[in-house]
Each structure stands twice: as structure tokens, then as C-alpha cells.
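Peer 1: Predicted coordinates and the sequence they were generated for:
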Amino acid sequence: MRRNRNAKIVATLGPASSDGAVVRQLFMAGVDVFRLNFSHGSHADHSQRFRVLRALEQETGRPIGILADLQGPKLRVGTFADGPVMLAQGQAFRLDLDQAPGTTQRVGLPHPEIFAALVPGAELLLDDGKLRLVVERCGADFAETRVAVGGRLSERKGVNVPGVVLPITALTEKDRRDLALALELGADWIALSFVQRPEDVTEARALIGDRAAIVVKLEKPSAVERLDEIVAQTDAVMVARGDLGVELPAERVPAIQKRIVRTCRALGKPVIVATQMLESMIDSPVPTRAEASDVATAIYDGADAVMLSAESASGKHPVAAVDMMNRIIQQVEADPAYRQLIDASHSSARPGGDVAEAVCCAMRRAVALLHAAAIVCYTSSGHTSLRAARERPESPILSLTPRLATARRLALAWGVHSVHIDDVADVDQMAGLACELARGERFAQAGQFIVAIAGMPFGTPGTTNLIRIATA
């Protein structure tokens, strides 16, 4: 089941893709990591999908990554007495804690934490940014606003407060219940929504421990402002462009996407580009040319993965969407300009870097000089394979690990083909196994070079200190 590409595909499961036969088709079409979106569906739904995925893993013999995406806080207005209202530009409109049904003059906003953070001049965005209010006067339980951009407002629509760090945690009580289930099931990655500051990641890490790796969804401007700190704290990042595009002008999102990808690549953290990548395929069997270019741009930038949301969860053509994304990636990676761009954007080793960095830099150079057929990483924690992936080498990375959990997590990393193996005792055994598996997994033919890296003593996380060149 070798993928003939480096970038990975994350696909969301949902009503259109919960059947075991469809999930299998999605995997065969190219999905590397499956996302369970806890904003929708019951615990029973997610448990069943989890069982289907683990059964598929057993059937295919390939590690499959599972990402549990937590909903995070959802800030919404209350109800209206007579249905949706029309807000005209320039009119006054009040938000308060009163639970009485709203009118054209006011509506309840049951979130005191928002009022605690507001100041005159702050903006409130309603219904994914379709309406915009400017605060003129506010207190602990109210905000008098002026409508800057009007429109139709119906009940329970979302509220965004750009430019304001709200005094709330990224984990609600619902998230904590969902997290407990995800960890009990054995999810490989936990995605955190509504991250505003590094402390939100620290709080989640205290709950999760080493039972799963963490993906921070970058969707708040305050998180982008502290990007380096947050990326350093997390295990991976998702560029949540839809939410970013609500709180920031649309024209700023492409540059921020590129900045996030560059930062993650420099720090060796997997990065997923997500939201509306092939959105027209929710209904259409083919994407727009602009969508194909959007996916291609993320690949040219060196993103580890691209993600499908509603396209695979509730769309009419989930398998076709995955197949299309797979073909776009393959086409880009076959372009000679792709390798030139990847090399040009490579983050060089820092003076004073660690031993692992030195070994992986040497590996990258050796692969280029020898035209090695494959890189073989022996890893326990996954650190060695992630460091190799950071280098974006010319040859594919065959990652060997005695820990199934590590093999599953590495399904998200660029260029990494992960294989679960028994433990090895010494360098000679590792080299022999590396050559055998490189041939068996169709990465190398007899007589071709392979470059192997590992850490000694074996099984000790974070000790990458060995490079060996062998002949398959």
C-alpha cells in the first residue's frame, strides 16, 4: 500500500462516508488520516467509525491515523420572538444577558466572558462575518452597538470577536467529554479548536499526556500573533482558513497560510492546510480550476497534508474528491519545479543545532549525492522520522517502529511510509531489516543505495545519532 506521493491526505468521516465499504474506498483512493469531527455526530457514531477504521487497518496491514477534532467554544446569539430580523446599516442594536427572545432592537448573548473583554470600538462579527457590529458602549452584562454591515440575522448564529483575547478556555465541558472518549478509543491525534494562546495548549497537554499527539487549529488572530510560541508547544498545526477568514480580511489569509507553513517546516512540525479545498465537489463530481490550484499551492509550499471536510463527510462524491486530491498531489510532485521550490524553501540547520539535526542534514546530502532509493528511519517515538521529514529529502522515508501508536501518528508526516515492526537489538540487525523492508515495500531494488538513520541506544526517544549507508 505504498503511496506514490509525499504529501498526505486527511479526510473527514460523516453521514456520506460512515459505511465500511465507503471508508475502504476512501482509504484505497488515498486517505492517510481520517478525521472524526466532534462538532457533529454522537459518541455512538464516532465509536462505530473508529471500529470500522481499526478493522480496515487490520485488513490492509497499514497503520491508519485517526484525528479527533474537538468542537471548542461556540459563541452564539439567543433566539428571536418573531423569527429572523433584518438589521439595517447604521441602526442601534443591543446585546445583553437577558434570556428573553430578541427583537429588531436587541438579542440575548449568553456569554458574559464576551462582555468582560469588550471595549468601545471593538467589532462583533455575526453569522460567519456576514454582519458586523461596532461597540459604542458596554458593561459587564450588555453592549450597545451600531450596525456597520447589516443583513438578515436568525437565532443561534455564531459570534466572533476579532482582535480580542477572550477569558475562556479552549476546552468546554463537551470537549472534555469528547476528549475522554477519543482517548479511550485510542485516537492518534487530538485537534484543539479556539486556541488563543500557548497556555491553551499547555492545558490540553496536561489532560492528554502522551496518550495522543496534539494538532492546534490556527483560526484566531491572537494565535497567529503568537505563532512561534504555539508551534513550539504543539505536535502539529492545522491552518483553519475558514475561521481565519471570518476574523481577518480574506486578502490576508493566503500570506498567513504561507507564514504558518514556513514556521512549521522550520520547526519540523507537521502542518495541515484545511477548509474549502475542493468545496464544489460537495455537489459536483469535479472541482473548479481555482480549487485545484488551491490544493496545488499548498503542495508547492511544502505542506505535510491537505484536508477534506464536508467534501468527504457529507458530499455527494466523497471517493471522487479523495481521488482528485490524490491526483493533484501526484501531478504537482512530478513537476520539476516542485523540487526546485522545495529545495529553495529549505530551512538550513541552525548553528549550535543538536546531533539529530546534524545527522539529518548529512542524510539529506548523502541521499542527493548517491541518488539513494530510500531513507530508512528506525524510531521509537517518531522523532527521527519527523526530523528526516523536515529535511524534505528527494527520496521517500521508510519509517520502522516497534510502537504501533508511533506508526499511526506518522501517517500525517510528509514523505513518511510507516511500518510497524518487532524491536531490533543492534545496528547490523537494523541494517539488514532496513534493506529487506526497502525491497519488500517496493522502495528499492537489489543493488540500490539506502540511507539508514537511527538513535542509539535503540528504543530511547530523541537520540538520533547514527547514519549508515547500505545496499539493498
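Peer 2: Sure thing, it's come through. Numbers count the residues shown, from 1 in each chain.
Peer 1: residue ranges of the strands in the stretch 51-200 of the chain, please?
Peer 2: 65-69, 85-87, 92-96, 106-108, 123-126, 131-139, 142-149, 151-153, 159-160, 189-192 (DSSP state E, counting those that start in this stretch).
Peer 1: So which residues make contact with the fifth one?
Peer 2: With CB atoms under 8 Å, 6 or more residues apart in numbering as the test, strand 123-126 has contacts from 77, 95, 131-135, 143, 145, 148, 153, 157-163, 246-247. Bear in mind the C-beta positions are built from the backbone N, C-alpha and C, glycine included.
Peer 1: Tell me the strands beside that strand, with direction?
Peer 2: strand 131-139 (antiparallel), strand 159-160 (antiparallel) (DSSP bridges).
Peer 1: Go through the ones you listed and name the closest to Ala68.
Peer 2: strand 159-160 (24.0 Å; CB to CB).
Peer 1: now the closest one, how far from the centre of its chain.
Peer 2: 23 Å (CA atoms, centre = their mean, to the nearest Å).
Peer 1: same deal with stretch 257-265?
Peer 2: Worked out by CA atoms, centre = their mean, stretch 257-265 lies 13 Å from the chain centre.
Peer 1: before we move on, what about stretch 154-171?
Peer 2: 21 Å.
Peer 1: Pull out the buried positions in that stretch.
Peer 2: The neighbour-count check on stretch 154-171 (16 or more other CB atoms under 10 Å) flags Glu155, Lys157, Val159, Asn160, Val161, Pro162, Val164, Leu166, Ile168, Thr169, Ala170, Leu171 as buried.
Peer 1: quick one: the fifth one from Thr79, how far?
Peer 2: Going back to what we said before, that points to Val161. 21 Å (CB to CB, to the nearest Å).
Peer 1: before we move on, what about the fourth one?
Peer 2: Look at Asn160 and Thr79: by CB to CB, they are 19 Å apart.
Peer 1: Turn the strands of the stretch 51-200 of the chain into JSON lines, including mean pLDDT and distance to Thr384.
Peer 2: JSON lines is the format used below for those (pLDDT from 0 to 100; distance: least, CB to CB, whole Å):
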{"stretch": "strand 65-69", "mean pLDDT": "98", "distance to Thr384": "18"}
{"stretch": "strand 85-87", "mean pLDDT": "97", "distance to Thr384": "56"}
{"stretch": "strand 92-96", "mean pLDDT": "98", "distance to Thr384": "52"}
{"stretch": "strand 106-108", "mean pLDDT": "97", "distance to Thr384": "54"}
{"stretch": "strand 123-126", "mean pLDDT": "95", "distance to Thr384": "44"}
{"stretch": "strand 131-139", "mean pLDDT": "97", "distance to Thr384": "49"}
{"stretch": "strand 142-149", "mean pLDDT": "97", "distance to Thr384": "51"}
{"stretch": "strand 151-153", "mean pLDDT": "97", "distance to Thr384": "53"}
{"stretch": "strand 159-160", "mean pLDDT": "94", "distance to Thr384": "41"}
{"stretch": "strand 189-192", "mean pLDDT": "98", "distance to Thr384": "19"}
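Peer 1: Out of those strands, the one nearest Cys377 is which?
Peer 2: Of all the strands of the stretch 51-200 of the chain, strand 65-69 comes closest under CB to CB, at 17.0 Å.
Peer 1: Quick one: distance of that closest one to the chain centre.
Peer 2: The answer for strand 65-69 is 9 Å, by CA atoms, centre = their mean.
Peer 1: in its sheet, what does it sit against?
Peer 2: Partners of strand 65-69 in its sheet, by DSSP bridges: strand 33-37 (parallel), strand 189-192 (parallel).
Peer 1: which helices and strands does the helix of greatest length in the chain pack with?
Peer 2: Criterion DSSP state H: the longest helix present in the chain is helix 43-60. When contacts are defined as 3 or more CB pairs under 8 Å, 6 or more residues apart in numbering; DSSP states H and E, helix 43-60 sits against helix 20-29, strand 33-37, strand 65-69, helix 173-185.
Peer 1: Specify the stretch among these that is closest to Val261.
Peer 2: strand 33-37 (17.5 Å).
Peer 1: residues in contact with Leu13?
Peer 2: Val23, Phe34, Arg35, Leu36, Asn37, Arg49, Ser312, Ala313.
Peer 1: Just confirm the first one contacts Arg54, I think it does.
Peer 2: Put plainly, it is Val23. No. If you go by CB atoms under 8 Å, Val23 and Arg54 don't touch, sitting 11.0 Å apart.
Peer 1: There's contact between Ala143 and Ala92 in this structure, I believe.
Peer 2: No. Using CB under 8 Å, Ala143 is not in contact with Ala92, being 11.1 Å away.
Peer 1: Tell me which of those two has more neighbours.
Peer 2: The neighbour comparison of Ala143 against Ala92 (other CB atoms under 10 Å) goes to Ala143, with 22 against 13.
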